[in-house]
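[1] need a structure here:
(chains A and B)
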There are 2 protein chains.
Amino acid sequence: MDSGAGGEPTVGEVGEFGLIELIRQGIGTSKHVLIGPGDDAAYLATSDGKVLVSTDLLVENRHFRRDWSSPYEIGRKAAACNLSDINAMGGVATGLTIGFGAPADLPVAWAVDMVRGFEEECSKVGAHIVGGDVTASDLIILAVTALGDAVRPVRRDGALPGDVVAFAGQLGLAGAGFAALSRGFRSPRAAVDAHRIPTPPYAAGPQAANAGATAMTDISDGLLADLGHIAESSGVAIDLTSSAFTLPEPVVTVGEALGADGMAFMLTGGDDYALVATFSSETTLPKGWTRIGVVSDGSGVTVDGKPYEGPAGHQHWR
Amino acid sequence: MDSGAGGEPTVGEVGEFGLIELIRQGIGTSKHVLIGPGDDAAYLATSDGKVLVSTDLLVENRHFRRDWSSPYEIGRKAAACNLSDINAMGGVATGLTIGFGAPADLPVAWAVDMVRGFEEECSKVGAHIVGGDVTASDLIILAVTALGDAVRPVRRDGALPGDVVAFAGQLGLAGAGFAALSRGFRSPRAAVDAHRIPTPPYAAGPQAANAGATAMTDISDGLLADLGHIAESSGVAIDLTSSAFTLPEPVVTVGEALGADGMAFMLTGGDDYALVATFSSETTLPKGWTRIGVVSDGSGVTVDGKPYEGPAGHQHWR
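    Prediction:
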């Protein structure tokens, strides 16, 4: 048995089934959930007989840090990055499963607060936790899988020469917040908050799908890196116009404080979970979408006609 | 950069996208897969607009060991335990996602062989890997989520007094194999193999559902522990008849070699992924199902009318 600080009960003390019961108490339900947590599998209704599924594996100290973020914030963010993948297909998430690895000395309250963060983020799209698995591990592990519905899924490989490129949501803030936190700053608040809890534009994905977006993805690795996936899978070139971007004030502030180029946060910062999509040039962009570039024959992603000379996107093991 | 033994390429050397590409080459597809790996989410067809989903989180040295099992065997078993959850609902799996955490010095061939194991096990039910996520981690992590179809999902909470209890599949072999391996034995082969690669009775789940099973679950923690979940959620008592069990020969062998009670492996051994279900006493049990007990008013699980005095089932952190 392990004891938490100040006698707080730990997951080792309540055990597997005690923890599962406490987690379940924090979970709501919806019309999509035909069978919820507690059986061998959950059972979800889909709108049209098809289902989107996306998964993310998050490991403590690589994807989140307990000393930087509260369990509530970690739950919000872990949910957001998965719900964002469904958003990036033009869909709406209906349910999430969580594989939760926890050290025996983790306070039970930490898990309960994390689940509260998950459910809070899920409530933005009407989804709920529908199932999961818990196990002992040395570091916290969060394996999240989201299921969702789409009327018209938008893939990455449909961009056509002549299309315009547009984004929706926040850009640069989370990257600037990460840079600030990394250097020991706790401000500007808007940037630090954006790193802790992203605010994906959940309405924008289905709106872009309805408007006929030809390709779409979410920005998790950085705008240039993620647009690179669209360019490569669509077999096209993409050129961005730097003057089309308005740098948010906190991005400017962090850039000045750290002697960094604010535009780098816009182009290479990850974790904002904005969307970037391509549309036919005749499409009226939905509200909230900003035109930032064009698609043409060729390959690669350029800014103002030139390769961008800045810090590269993130790859694991590199 | 890390170097594998004998110059074998490692996941650190090929990087995130190189690893994903190699994994993708080992993945097949089916009519269920409308959009496969490579986009923000996969897109699957369901038979009737509803979808089963189940998830498991497996961590190296807790759920599997590289020195005990080959990567192919680990992939087979990781797939099997998830496909078994869908089987236990009376369903058939259609697709799997894998969250894969890997140390930088893991040989790429290890991952490729593991994926081969996953696909081989999935082929038994017509499913495929449809998506995933890879990340760096100190130990290997496998977060597996299975999606599936069911004509009539069978829950745990429907057992009624007067029902009979029956099981399908192998029982006791994996537990006996684990006990043998733990004591340094490499035989009997059938038991050791059952621990390394379980053989869930994939036809038996849908057959039991079609036959009208009132409750069902798979045996991952041990027959008594998993029947306990049925008894508790159904609000009934279950009594097993020990004379109804035929001990497989390897179970008898291991019991004799280790001075253990072979019946304990049948009642408390996990990891065989057999099914246990309850049926109305008027039901003709489907082929492959063996009657082992009865359901009555009350609570708890007994053997020959008495509480079983043996080693308890497995709980994490205990």
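
[2] Helix or strand for residue A:80, just tell me which one.
    helix A:71-87 (DSSP states H and E).

[3] The helix or strand following that helix near chain B anywhere?
    Helices and strands here follow DSSP H and E; after helix A:71-87, the next one along the chain is strand A:92-102. Yes: shown here: strand A:92-102 in contact with chain B (C-beta under 8 Å from any C-beta of the partner chain) through A:95, A:97, A:98, A:99, A:100, A:101. Quick note: C-beta positions are derived from backbone N, CA and C, even for glycine.

[4] Would you mind checking which of the residues you listed is nearest to chain B?
    residue A:99 (3.2 Å; C-beta to the nearest C-beta).

[5] State the number of residues packed around that closest one.
    27 (other C-beta atoms under 10 Å in any protein chain shown).

[6] Would you mind measuring from it to residue B:152?
    As judged by C-beta to C-beta, to the nearest Å, residue A:99 and residue B:152 stand 27 Å apart.

[7] swap in residue A:114?
    35 Å.

[8] So the two - more neighbours on which side?
    residue A:114 (27 against 13).

[9] so the more buried one is in which element?
    Per DSSP H and E: helix A:108-123 holds residue A:114.

[10] Other residues contacting that helix?
    Residues from elsewhere that reach helix A:108-123 (C-beta atoms under 8 Å, 6 or more residues apart in numbering or on different chains): A:4, A:8-11, A:13-14, A:18-19, A:22-23, A:26-28, A:70-80, A:83, A:93, A:96, A:98, A:100, A:102, A:128-129.

[11] ok, and for it, which residues are buried?
    Neighbour-count burial for helix A:108-123 flags A:108, A:110-119, A:121-122 (criterion: 16 or more other C-beta atoms under 10 Å in any protein chain shown).

[12] same deal with stretch A:270-281?
    Those would be A:270, A:271, A:272, A:273, A:274, A:275, A:276, A:277, A:278, A:279, for stretch A:270-281 by 16+ other C-beta under 10 Å.

[13] repeat for stretch A:49-65
    Here stretch A:49-65 shows A:50-60, A:63-64 as buried, counting by 16+ other C-beta under 10 Å.

[14] Please report the distance of residue A:244 from residue A:263.
    11 Å.

[15] Over to residue A:14?
    49 Å.

[16] Grab the nearest non-local neighbour of the most centrally placed residue in chain A.
    Nearest to the geometric centre of chain A sits residue A:81, at 2.2 Å (C-alpha atoms, centre = their mean). Leaving aside its chain neighbours, residue A:81 sits nearest to residue A:56 (5.6 Å; criterion: C-beta to C-beta, 6 or more residues apart in numbering or on different chains).

[17] Residue A:289 now?
    residue A:166 (4.4 Å).

[18] Might you report the residue contacts of that neighbour?
    Contacts for residue A:166 (C-beta under 8 Å, 6+ apart) come out as A:276, A:277, A:278, A:279, A:285, A:289, A:290, A:291, A:292.

[19] make it 6 Å
    Contact analysis of residue A:166 by C-beta atoms under 6 Å, 6 or more residues apart in numbering or on different chains lists A:285, A:289, A:290, A:291.

[20] about what we covered before: surely the residue nearest to residue A:81 and residue A:144 touch.
    Yes: between residue A:56 and residue A:144 there is a contact under C-beta atoms under 6 Å: 5.2 Å.

[21] between those two, what contacts are shared?
    Common neighbours of residue A:56 and residue A:144 are listed as residue A:82 (criterion: C-beta under 6 Å, 6+ apart).

[22] buried sites along stretch A:290-299?
    For stretch A:290-299, by 16+ other C-beta under 10 Å, it's A:292, A:293, A:294, A:295.

[23] Mind jotting down where the helices sit in chain A?
    Secondary structure of chain A (DSSP state H): helices at A:11-25, A:71-87, A:108-123, A:173-182, A:189-196, A:204-211, A:223-234, A:249-258, A:262-268.

[24] Most tightly packed of the ones you listed?
    Of all those, helix A:71-87 carries the top mean neighbour count, a mean of 27, counting by mean count of other C-beta atoms under 10 Å in any protein chain shown.

[25] other SSEs contacting that helix?
    strand A:50-59, helix A:108-123, strand A:141-149 (3 or more C-beta pairs under 6 Å, 6 or more residues apart in numbering or on different chains; DSSP states H and E).

[26] quick one: low-confidence parts of chain A?
    A:1-6, A:310-318 (pLDDT under 70).

[27] Where do the domain boundaries of it fall?
    A:10-149, A:164-303 (automatic domain parsing).

[28] These: which one's closest to residue B:140?
    Checking the domains of chain A against residue B:140 by C-beta to C-beta gives domain A:10-149 as the closest, at 11.4 Å.

[29] Ends of that closest one, what's the gap?
    Taking C-alpha to C-alpha, to the nearest Å, domain A:10-149 runs 37 Å from one end to the other.

[30] quick one, what contacts the nearest residue to residue A:227 once chain neighbours are set aside?
    Nearest non-adjacent residue to residue A:227, counting by C-beta to C-beta, 6+ apart: residue A:301, 5.0 Å away. Shown in contact with residue A:301 (C-beta under 6 Å, 6+ apart): A:224, A:227, A:228, A:231, A:238.

[31] nearest to residue B:34, of those residues?
    residue A:231 (23.5 Å).

[32] show me the contacts for the closest one.
    A:238, A:301.

[33] ok, it to residue A:298 distance?
    Residue A:231 is 9 Å from residue A:298, by C-beta to C-beta.

[34] now swap in residue A:70 and tell me
    Counting by C-beta to C-beta, the gap from residue A:70 to residue A:298 is 46 Å.

[35] got a list of what residue A:271 touches?
    residue A:174.

[36] one more time with 10 Å
    Residues counted as contacts of residue A:271 (C-beta atoms under 10 Å, 6 or more residues apart in numbering or on different chains) are A:63, A:77, A:80-81, A:173-175, A:177-178, A:194-196, A:198, A:219-222, A:314.

[37] same thing with residue A:63?
    Counted by C-beta under 10 Å, 6+ apart, residue A:63 has contacts A:56, A:57, A:74, A:77, A:78, A:81, A:140, A:141, A:142, A:271, B:135.

[38] Wait, the fourth one touches residue A:65, no?
    Pointing back at residue A:77 there. No: judged on C-beta atoms under 10 Å, residue A:77 makes no contact with residue A:65 at a distance of 11.4 Å.
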